[in-house]
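Novice: Sharing a sequence plus its predicted fold:
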Amino acid sequence: MVDREAFYRNVVHSLRNGVIAIWRDGSMAVVNDAAYRILGLDADPAHIGQSFHDVLGKDHDLADVLTRAFTDAELPNRAELRLRSSGKAIGYTVSRILDRDGAVSGAALLFKDLTRVEQLEERERLRDRLAALGEMAAAIAHEVKNPLASIQVMAGLLKRQLLDVPDARELLTDIIKEANMANRIVVDVLEFVRPISLEVDPVSIREVLDEAVTTARSHPAAGHTTIVTDCAANLPDLDADRLQLRQVFANLLVNALEALAGEGHIWITASYAAVERSPEPPDYAGYLTVDVTDDGPGVPVDVAHQLFSPFFTTKPSGSGLGLAIVRKIINAHDGRIEVGPRAEGGAKFSVRLPVPHRVTEAVAVADGNRTAGEIHV
Ligand SMILES: Nc1ncnc2c1ncn2[C@@H]1O[C@H](COP(=O)(O)OP(=O)(O)OP(=O)(O)O)[C@@H](O)[C@H]1O
Ligand SMILES: [Mg+2]
């Protein structure tokens, strides 16, 4: 015989939306798995029959929505709120449950976690803003670049004509240096505001890191810094833009070299962690984490939140765009970057990049041996 009751129960519990239903007296009737997951609560059969206020605890905004199902004439069909417990954005709809006679016997709340949608919208808005800014910057850069090039050329010519006037030659050298710096800023601004487009291919993070280290080695600030790389052996390929990722790590390495001023260590570690399959997108197989750590002066706590803002710099000749570009590239790869202090002093930049499913299957059998290399620059 078909068990209709069980089928209805399974429908509710298999839904990807959160479902909470209460009886008219406020006792909990249904909480499905998605609801527990979105609310960050542990599933507990004892919740059924308890007051919904007690079960929802800190998320009393959601409890208010359920309460209003019995009092308000008009119920919201598609509304949003932010959970106090986790800050998640929730989209919900609430309905009264009527019995056969049309009497209200309870209320049901269907909800969905919109946090990711919100993040995507925010990113979209940022992209729009950057596109508008980009057009303006491109126009200004176009106007500024030509006079700058003329200054560089004319100062060079003048320098050659003033072979026996050392003071004037020195001044002209300074003028050329400043013009070069202004030119670099123009180029960096253009780079930053250019809408990002990724050329995505399977990419070995180990190779990207090797290339970034090679770039960093030739940097004037390299001095006697020691760079140590330590990559886990089971690193799956990423779906990423190789050149842009290289730029990310080259920028982080150059910052570390500049912070170290020629003496000290930089450690680069790369590891992989698989994650559980998620019914909600994005469903990634796992995340690669690359830490770039140095034993330099570190980042003062009060400026840590500003580091990724465009034009924030503490260097006399910095443009302050290095980390802003880094963050933009990481965001475009759906990744994350964080900065923190290294326990023993120094700075630690942690980059987390998602790995799609198909790629990891091939490496699932690889063992976890680590390989380490040490490069002195
Ligand atoms: N490893 C680090 N240790 C200490 N401070 C750092 C480190 N990396 C970055 N910073 C701080 O963050 C600021 C911003 O870095 P960012 O790369 O965006 O710009 P910049 O290095 O100053 O200039 P640019 O990269 O354009 O040459 C730096 O000026 C510095 O104060
Ligand atoms: Mg920099």
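Specialist: Perfect, thanks for sending it. Ligands and ions are numbered 1, 2, ... in the order given.

Novice: Show the contacting residues for Leu162.
Specialist: Ala168, Arg169, Leu172 (Cβ atoms under 8 Å, 6 or more residues apart in numbering). For every residue, glycine as well, the C-beta is placed using N, CA and C.

Novice: ok, those residues vs ligand 1, which is closest?
Specialist: Leu172 (24.6 Å; Cβ to the nearest ligand atom).

Novice: what ranges of the stretch 1-150 of the chain fall below the confidence cut-off?
Specialist: Applying pLDDT under 70 to the stretch 1-150 of the chain flags residues 1, 59.

Novice: would you list every one of the helices in it?
Specialist: Along the stretch 1-150 of the chain, counting by DSSP state H, counting those that start in this stretch, helices occupy 4-14, 33-39, 52-56, 60-71, 115-161.

Novice: Which neighbouring elements make contact with the third one?
Specialist: The reference is to helix 52-56. strand 28-31, helix 60-71 (3 or more Cβ pairs under 8 Å, 6 or more residues apart in numbering; DSSP states H and E).

Novice: which residues are contacting it?
Specialist: 20, 22, 26-28, 31, 39, 41, 47, 60, 62-63, 66.

Novice: out of the helices and strands packed on helix 52-56, which comes closest to ligand 2?
Specialist: For ligand 2, the closest of those is helix 60-71, at 42.4 Å, according to Cβ to the ion.

Novice: how far is stretch 265-285 from where the chain is centred?
Specialist: Centroid displacement of stretch 265-285 relative to its chain, using Cα atoms, centre = their mean, to the nearest Å, is 13 Å.

Novice: So which bits of this structure are right by ligand 1?
Specialist: 188, 251, 255-256, 259, 294, 296-299, 307, 312-315, 318-324, 347 (Cβ under 6 Å from any ligand atom).

Novice: mind running it again at 5 Å?
Specialist: Contacts of the chain with ligand 1, taken as Cβ under 5 Å from any ligand atom, map to 255-256, 259, 299, 307, 313-315, 318-323, 347.

Novice: which residues pair with Pro202 across the strands?
Specialist: Following DSSP bridges, Pro202 is listed with bridge partners Asp239.

Novice: can you tell me how far it sits from Ala332?
Specialist: 17 Å (Cβ to Cβ, to the nearest Å).

Novice: repeat for Ala108
Specialist: 40 Å.

Novice: Same check on Tyr284?
Specialist: 16 Å.

Novice: Ok, Pro195 next?
Specialist: As judged by Cβ to Cβ, Pro195 and Ala332 stand 10 Å apart.

Novice: The two: who's more crowded?
Specialist: Ala332 (18 against 12; other Cβ atoms under 10 Å).

Novice: who's in contact with that one?
Specialist: So Ala332 contacts Ile196, Leu198, Asp241, Gln244 (Cβ under 8 Å, 6+ apart).

Novice: so can I have JSON lines of the helices of the stretch 1-150 of the chain showing mean neighbour count and distance to Thr93?
Specialist: Listed next are these as JSON lines, based on neighbours: other Cβ atoms under 10 Å; distance: least, Cβ to Cβ, whole Å:
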{"stretch": "helix 4-14", "mean neighbour count": "11", "distance to Thr93": "15"}
{"stretch": "helix 33-39", "mean neighbour count": "20", "distance to Thr93": "14"}
{"stretch": "helix 52-56", "mean neighbour count": "19", "distance to Thr93": "17"}
{"stretch": "helix 60-71", "mean neighbour count": "17", "distance to Thr93": "10"}
{"stretch": "helix 115-161", "mean neighbour count": "13", "distance to Thr93": "16"}
